[in-house]
Each structure stands twice: as C-alpha cells, then as structure tokens.
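Enquirer: sequence plus the predicted model coming up.
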Amino acid sequence: MYNIKMKKESKEKILSASKTLLAIVGAVGFVFVAATASNAVQLLKYTPIMKRSRLRVFEINQAVKRLLERDLIEIKKDKNYEFLEVTEKGKKLLLKYKIEGLASNKPKNWDNKYRVVIFDISEQRRKTRDHLRNMLRSFGFVCLQGSVWVYPYHCQEIIDLLKQYLNLKNEVLYMTVESIEEDKWLKKEFKL
C-alpha cells in the first residue's frame, strides 16, 4: 500500500513538474539545453520557479521527457546550441491553463452587473460550439438560452482567451448588463 502511495505521489510531482516546466519554457520562449535534453535540468534547476518547487532532478528529467513525448515542447538546434521550445500544441495547453487559473479567481463581492456571452457558431464547427458550451459551464456560467450564457463577475479576459483558444473571433460577443428581468433564479443559482 505504501509503495502505491509513493508511486502516485511521484506521478503527481512529475505532472506538476511538467506543467511548471511548460510554463517556464512558454514564458521565456525557449530554454537552452546543455548538450542533450536529459541534461536540461542542469539549467532549469537554477530558475526561481524550479527552486521554489523543490523538485528533484529525476522529476524534472521525467517532466522534460513527458513533454517531448506529448509534443508539447521540442528540441531545436542552432549552430552552437540546443534549446527547448514550446510547440503550437504546447502553447494551446498553456492557454488552457491560463484560462483555468483565471476562472478559479472569483471576486468576493458582486457589483450588481451580469456578464452575458452570446455566440453564433456555424453547424460546421459544432465540436467547437459544444466545447465552448462545456467550458462556459465548467467555469460557472449559466445558460439562459442555447447560445446565451450569463455570469455575475467580470470575465472579459477569460472570454478573450477562450476566443483565442477555440479560434473564435466575431462569433462570440461579451456584454456587461445592468439587469436581467426575472433574475431571482439567477441570483439563487449564483448564490448572490
């Protein structure tokens, strides 16, 4: 039982290390690698984020390996250097992490305004439309009608990132409204 718990904790640390490492490479744009990817830790362990995370060399190496296998980062080569760079797939995942982080920060006080998101996404992009609905629901939005969703707190940045993440431009509109008639049920739903 103890061995299973240790393996689970180690796996969680590697997943956390992967997320942290992806964030570092994404923030910097690239990270130089000493000779090979397995030595990436030699440079990464000196970054402030890695120092605070208390990750072991093994966990960082596993994170690099995992990110490479999942095509979230890649090794690029220059004349004299090798470096890690985030792939397009990795950038998309970083964007998702950022959206999730913003969505988890709800203000304590309501400003008595609703945020309304309206979208019109064609049938050819049904999967994108469904993905948007699922993400809005997971962030705490409430559906007023099929493509009209409401939320009580400021969330412009989340919507902008969602539009970028799902490749939506003019198909999604964000509004701040003073009132919605018959909104008692919404206040109850949002616990306002």
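Expert: Received the coordinates, thanks.

Enquirer: tell me the contacts of Lys98?
Expert: By C-beta atoms under 8 Å, 6 or more residues apart in numbering, the contact set of Lys98 is Leu161. All C-beta atoms are positioned from the backbone trio N, CA, C, and that covers glycine.

Enquirer: now it, what's its secondary structure?
Expert: Following DSSP: H, G, I helix; E, B strand; the rest coil, we place Lys98 in the helix state.

Enquirer: do a quick rundown of the helices in this structure.
Expert: Using DSSP state H, the helices of the chain run over residues 2-28, 41-44, 48-53, 57-69, 88-103, 126-139, 156-165, 184-190.

Enquirer: quick one: mean pLDDT for the last one?
Expert: The reference is to helix 184-190. Averaged over helix 184-190, pLDDT sits at 90.

Enquirer: likewise for the second one?
Expert: For helix 41-44, the mean per-residue pLDDT is 52.

Enquirer: now swap in the fifth one and tell me
Expert: The average pLDDT within helix 88-103 is 78.

Enquirer: burial of Cys155, as a residue count?
Expert: Close neighbours of Cys155, defined as other C-beta atoms under 10 Å, add up to 22.

Enquirer: what residue ranges in the protein score low on pLDDT?
Expert: Low-confidence segments of the chain (pLDDT under 70): 1-60, 82, 103.

Enquirer: would you map out the domains in it?
Expert: 2-86, 105-190 (automatic domain parsing).

Enquirer: quote the end-to-end distance of the longest one.
Expert: If I follow you right, that is domain 105-190. End-to-end span of domain 105-190 (C-alpha to C-alpha, to the nearest Å): 15 Å.

Enquirer: same deal with stretch 139-159?
Expert: 11 Å.

Enquirer: what separation is there between Glu171 and Gln124?
Expert: Counting by C-beta to C-beta, to the nearest Å, the gap from Glu171 to Gln124 is 12 Å.

Enquirer: over to Asn105?
Expert: Where Gln124 is concerned, Asn105 sits at a distance of 34 Å (C-beta to C-beta).

Enquirer: got it, and Val148?
Expert: Val148 is 21 Å from Gln124, where distance means C-beta to C-beta.

Enquirer: and the two? which has more neighbours close in?
Expert: Using other C-beta under 10 Å as the criterion, Val148 and Gln124 rank with Val148 on top: 14 against 8.

Enquirer: next, count neighbours for Lys106.
Expert: 14.

Enquirer: tell me the contacts of it?
Expert: By C-beta under 8 Å, 6+ apart, the neighbours of Lys106 are 140, 153.
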